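**Student:** kindly generate the corresponding structure for this input.
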Amino acid sequence: MKSFLLAIWEVLEVVLIAVVTVFLIRTFLIQPFLVSGASMEPNFGSGNYLIIDELTYRLREPERGEVVVFKYPNNPSTYYIKRIVGLPGEKVEIKEGSVYIFNSEHPDGLRLEEEYLPFNVNTSGSVSTSLSDSEYFVLGDNRSYSFDSRSWGSLQKKYIIGLARLRLLPINQVQAFSY
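**Tutor:** Here you go, the predicted structure:
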């Protein structure tokens with residue numbers, strides 16, 4: 001009877017260690033994310049299975065051009081994936097199909113060159129917004145079909161979950177992302 005109880009205890013111990021390990025990894029390091037919708041095409045399509053890095057933004061601030069997963073500010077139970085275009089303290093203007101950034105380095109404005117977008121993609125809308133010290137401006141890569149900062153405003157840093165680091169599915173599109 002004693003050996004049976006010891007065997008049960010060993011199994012429970014292994015299960016407990018596994019559960020705690022998975023919890024810590026998913027809470028502080030990485031988590032999976034399934035892309036739903038066309039707002040990030042052609043770079044990320046519906047059904048792409050991604051691994052999100054939750055550690056990087058604990059060590060440094062998000063940077064322009066990075067693809068982030070975040071909680072939608074108007075409904076934090078919903079998750080979105082978009083690209084960071086405007087950084088804290090900057091002014092972002094969208095006009096004539098282009099994105100312009102105004103900051104201390106470019107007080108007269110800089111037309112953003114977005115190499116990650118297909119050739120001749122225009123950014124629709126007319127927006128002019130100044131970001132506070134904890135706000136970002138995010139856009140989908142599929143500018144014609146993206147519900148993003150043009151519609152609902154800036155994104156506060158507290159809603160950012162992490163950085164898209166790895167695409168696992170579909171298998172023929174496996175890719176690690178470095179920004």
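
**Student:** mind checking the longest strand of this protein?
**Tutor:** The residue-count maximum for a strand in the chain (DSSP state E) belongs to strand 75-86.

**Student:** okay, now the sheet partners of that strand, with direction.
**Tutor:** Sheet pairing for strand 75-86, assigned by DSSP bridges, gives strand 67-72 (antiparallel), strand 135-139 (antiparallel).

**Student:** among those, which is the most enclosed?
**Tutor:** Highest mean neighbour count among these (mean count of other CB atoms under 10 Å): strand 135-139, with a mean of 25. In this view, the C-beta of every residue, glycine as well, is placed from N, C-alpha and C.

**Student:** all helices for the protein, in order.
**Tutor:** Applying DSSP state H to the chain gives helices spanning 2-28, 56-59, 149-152.

**Student:** distance from the second one to the middle of the chain?
**Tutor:** It refers to helix 56-59. For helix 56-59, the separation from the chain centroid amounts to 13 Å (computed by CA atoms, centre = their mean, to the nearest Å).

**Student:** same question, the first one
**Tutor:** Per CA atoms, centre = their mean, the displacement of helix 2-28 from the mean C-alpha position of its chain is 32 Å.

**Student:** if I pick the residue positioned nearest the centre of the chain, what's in contact with it?
**Tutor:** Closest residue to the average C-alpha location of the chain: Val68 at 1.1 Å, with CA atoms, centre = their mean. With contact set as CB atoms under 8 Å, 6 or more residues apart in numbering, Val68 has these partners: Pro62, Ile81, Lys82, Arg83, Ile84, Val138, Ile160, Ile161, Gly162, Leu163, Ala164.

**Student:** CSV for these, including distance to Lys91 and pLDDT?
**Tutor:** Formatted as CSV, these follow (distance: CB to CB, whole Å; pLDDT from 0 to 100):
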residue, distance to Lys91, pLDDT
Pro62, 18, 97
Ile81, 25, 97
Lys82, 19, 98
Arg83, 18, 97
Ile84, 15, 98
Val138, 15, 98
Ile160, 20, 97
Ile161, 26, 95
Gly162, 26, 95
Leu163, 24, 96
Ala164, 26, 96
